[in-house]
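Undergrad: turn this into a structure:
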Amino acid sequence: MFLNFLARRLLFQVFVLFGVLVITFLISHVVPGDPALLLAGPRASPEVVAKIRSDLGLDRPLYRQFLIYVLGLVRGDLGTSVLTRRPVARDIAERFPATFELVTLAMLLVAIVGIFFGVVSAVYKERWVDQVTRVLGIAGASMPIFWLGLLALYLFYTWLGWVPGGGRIASNIDPPTRITGLYVIDSVLTRNWPALRSSLEHLILPVFVLSFASVASILRLTRACMLEVLNQDYIRSAQAKGLPQRRIIFIHALRNALLPTITVLGVTYGELLQGAVVTETLFSWPGMARYAVSSMTYLDYPAIMALTLVSAVIYTLINLLVDVLYGAIDPRVRYD
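TA: Next up, the predicted model:
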């Protein structure tokens, strides 16, 4: 039954991704601007611009450009970047691990800290712990990410000097041998402890800045869901039976309060990918977000479409994971 559900969802995702591909292709080709002119420069002659446009295939009919692109995708070819003149797949392969490492660690921090302090705030409602967490929640929701990043850089890097300011690893330390592209994992696999320490130190500030606002929203949502569940009759029945308070909170109450939180966590992962643009710029992080900004600036159609397709794949996989977790957490959810 679960395999049938999974197969149906995966088939549905194929149609979703194809729709994203069509919409992205059309939008990227109707926006004002000529990537050939941007690439050639303002002083280039019309002949040079026409030659570049022909080399890029921009002089062909729109439907033919789309057909060529789709056939290339089937072969694993995402096209050639207008900006870097390299295969887009290679550019993404080099930059994706940096963004994935940053966003995934930030997501883990959001889930652990947000849920934990949301539960604590609900259990100790109206006490000093609740008041402190609510203030932090309001601060996280109202503080722009770029302002928080500048404050964090000034306080912890410039003034106190506790953590590095930017980059993935110190300039005097060689990166670990590439296995996955994730510096933390590759350092552990190759037992490169100096690289592990340096990569973890460089992750502290970006992960904190990227996750701060999302921690606040998950905290507030978890608190609200827990307060609603703690007022239910079955919770009072469990308390009347003399069950341990810890078991009531984490087994009976939290499990039933997690469904809305898991839904928002799935959406939050996409929001963190978007927020990584500012974070990667502030901390000189060599990830996909900075590559996306450069691609949009120079109307790099192949790169823009490939980045959008990668983001859509991540979104669909996260949504599929959320659906699977529904059934794992709530036995009332069935896949038939």
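Undergrad: from here on, just use CA atoms for contacts and neighbour counts.
TA: Noted.
Undergrad: ok, residue 261 touching residue 219?
TA: No: if you go by C-alpha atoms under 8 Å, residue 261 and residue 219 don't touch, sitting 9.2 Å apart.
Undergrad: tell me which of the two has more neighbours.
TA: Using other C-alpha atoms under 10 Å, the more surrounded residue of residue 261 and residue 219 is residue 219, with 29 against 20.
Undergrad: state the distance from that one to residue 114.
TA: 4 Å (C-alpha to C-alpha, to the nearest Å).
Undergrad: do residue 84 as well
TA: According to C-alpha to C-alpha, residue 84 and residue 114 sit 40 Å apart.
Undergrad: what does residue 249 give?
TA: 16 Å.
Undergrad: over to residue 301?
TA: 38 Å.
Undergrad: same thing with residue 67?
TA: 45 Å.
Undergrad: next, give phi and psi for residue 77.
TA: For residue 77, the backbone dihedrals (degrees, to the nearest 10) come out as phi -100, psi 110.
Undergrad: right, and it touches residue 89 too?
TA: Yes: the pair residue 77 and residue 89 qualifies as a contact (C-alpha under 8 Å) at a distance of 7.1 Å.
Undergrad: show me how far stretch 132-148 is from its chain's centre.
TA: 20 Å (C-alpha atoms, centre = their mean, to the nearest Å).
Undergrad: one more: stretch 227-243?
TA: 37 Å.
Undergrad: export it as CSV, just CAs?
TA: C-alpha atoms of stretch 227-243 as CSV (Å, rounded to 0.1, in the frame of the first residue of the first chain):
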residue,chain,number,x,y,z
LEU,A,227,-1.2,24.6,24.2
GLU,A,228,-4.1,23.3,22.2
VAL,A,229,-3.2,19.7,22.7
LEU,A,230,-2.5,20.0,26.4
ASN,A,231,-6.1,21.2,27.0
GLN,A,232,-7.6,18.0,25.4
ASP,A,233,-9.5,15.5,27.5
TYR,A,234,-7.2,12.6,26.8
ILE,A,235,-4.2,14.6,28.2
ARG,A,236,-6.2,15.2,31.4
SER,A,237,-7.1,11.5,31.5
ALA,A,238,-3.4,10.5,31.2
GLN,A,239,-2.6,12.9,34.1
ALA,A,240,-5.4,11.4,36.2
LYS,A,241,-4.0,7.9,35.6
GLY,A,242,-0.7,9.0,37.1
LEU,A,243,1.4,8.7,34.0
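Undergrad: which one's more surrounded, residue 84 and residue 114?
TA: Each of residue 84 and residue 114 had its neighbours counted (other C-alpha under 10 Å), and the higher figure belongs to residue 114 (26 against 12).
Undergrad: test my guess that residue 284 contacts residue 169.
TA: No: using C-alpha under 8 Å, residue 284 is not in contact with residue 169; the gap is 10.9 Å.
Undergrad: can you give me the buried ones in the host helix or strand of residue 25?
TA: Using DSSP states H and E, residue 25 sits in helix 2-30. Residues of helix 2-30 classed as buried by neighbour count (16 or more other C-alpha atoms under 10 Å): 9, 13, 17, 20, 21, 24, 25, 28.
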